[in-house]
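>>> sequence plus predicted model, see below.
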Amino acid sequence: MDIKVISSQNRKQINGFIISHWFTTDMAVRGEIVDMTKLDGFVVYDKETINGLITYKIKGNECEIMSLDSLKKNQGIGTALVNKVIEIAREKKCREIKLITTNDNINSIGFYQKRGFEMSNLYCNALDISRKLKPSIPLIGDFNIPLKHEIEFKMDLASTRLENHQIKSL
């Protein structure tokens, strides 16, 4: 698996990937618009083709995963990308890693829990606020579930060692 840092050399290709999978480079999270073209991250290549992407931002002692895409399921791509962010968060002395997903994202909810993330907050009807900023957010999400809430997950890095959070592919 060839994992590379997002850089000026691959940014244009990555922005195209983001648009093709997210339909825009703007992400609405917790009532704010985030420009995904300015985020740090890692990309997984198979030759020249992107098979996975993770973006994150670090603010103070907190790392937030902003997006995770894996085009080949059950191949360890998502796990490898999360592990890279865990490594960076440790290097930057972050105390925790957090992320937000939506109530319809059943696969992600399971993925993160299996990898040591804990549900920490439920933001009821948060997408009503986000739709005011980004009207293109659909009303119905995956599995025909009404898209309404944001679920926050956290991993506490301060009280555990890195080895305990290096997740093996499941």
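Sure thing, it's come through.

>>> need the longest helix for this structure.
Scanning the chain for the longest helix, with DSSP state H as the assignment, gives helix 77-91.

>>> name the helices or strands packed onto that helix?
Other elements packing on helix 77-91 under the criterion 3 or more C-beta pairs under 8 Å, 6 or more residues apart in numbering; DSSP states H and E are strand 2-5, strand 40-46, strand 49-59, strand 62-70, strand 96-102, helix 162-165. Any C-beta I mention is one placed from the backbone N, CA and C, and that applies to glycine too.

>>> need the contact list for the residue nearest the centre of the chain.
Nearest residue to the geometric centre of the chain (C-alpha atoms, centre = their mean): Ser67, 2.8 Å. Residues near Ser67 by C-beta atoms under 8 Å, 6 or more residues apart in numbering: 18, 22, 27, 36, 39, 41, 53-55.

>>> from the residues you listed, pick the one nearest Ser108.
In terms of C-beta to C-beta, no member of the contacts of Ser67 lies closer to Ser108 than Ile54, at 12.3 Å.

>>> how many residues are close by that closest one?
Residues near Ile54, counting by other C-beta atoms under 10 Å, number 26.

>>> please name the nearest non-neighbouring residue to it.
What sits nearest to Ile54 in space, not counting adjacent residues and going by C-beta to C-beta, 6 or more residues apart in numbering, is Leu81, at 3.9 Å.
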